[in-house]
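>>> compute the structure for the input listed below.
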Amino acid sequence: MSIRTNILGYPRVGANRELKKAEEAYWAGKISREELLDRLLPVYIEILRQLEDLGAEYVQIDEPFLNTDISDEVRAAYRRL
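Coordinates of the predicted model:
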């Protein structure tokens, strides 16, 4: 019998909060969408390598940081968090 596990809430911000900083820079108009991806992808690569090293065979990524086409109302809600 094979047992599979599911991880909810694995830290995804990066060792130095890279994802949060990149998101804030994008929303402030300091970086472009392409620059945002350039900052996010290395963090995701590292996270996926860590999970692979821990034995993960499948990882689902539902990342709100990658959804940049959101309304001002939704963006304001994120800022309040």
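>>> all helices for this structure, in order.
18-27, 33-53, 72-80 (DSSP state H).
>>> the first one vs helix 72-80, what angle?
Counting by axes from the mean of the first three to the mean of the last three CA atoms, to 10 degrees, helix 18-27 lies at 140 degrees to helix 72-80.
>>> residues contacting helix 18-27, please?
With contact meaning CB atoms under 8 Å, 6 or more residues apart in numbering, helix 18-27 is reached by 12-14, 31-33, 35-36, 39-40, 42-43, 65, 68, 75, 79. For every residue, glycine as well, the C-beta is placed using N, CA and C.
>>> tell me the angle of that helix relative to helix 33-53?
Angle, helix 18-27 to helix 33-53, by the same axes, to 10 degrees: 170 degrees.
>>> the shortest one too?
Helix 72-80 and helix 33-53 meet at an angle of 50 degrees, taking the same axes, to 10 degrees as the criterion.
>>> just the CA trace of stretch 44-58, in PDB.
C-alpha atoms of stretch 44-58 as PDB (Å, rounded to 0.1, in the frame of the first residue of the first chain):
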ATOM      1  CA  TYR A  44      10.000  28.500  -6.900                       C
ATOM      2  CA  ILE A  45      12.800  26.400  -8.300                       C
ATOM      3  CA  GLU A  46      14.400  26.300  -4.900                       C
ATOM      4  CA  ILE A  47      11.100  25.400  -3.200                       C
ATOM      5  CA  LEU A  48      10.400  22.600  -5.700                       C
ATOM      6  CA  ARG A  49      13.900  21.200  -5.300                       C
ATOM      7  CA  GLN A  50      13.400  21.100  -1.500                       C
ATOM      8  CA  LEU A  51      10.100  19.300  -1.800                       C
ATOM      9  CA  GLU A  52      11.700  16.900  -4.300                       C
ATOM     10  CA  ASP A  53      14.500  16.200  -1.900                       C
ATOM     11  CA  LEU A  54      11.900  15.500   0.800                       C
ATOM     12  CA  GLY A  55      10.200  12.900  -1.500                       C
ATOM     13  CA  ALA A  56       7.400  14.900  -3.100                       C
ATOM     14  CA  GLU A  57       6.300  13.400  -6.400                       C
ATOM     15  CA  TYR A  58       3.600  15.900  -7.200                       C
END
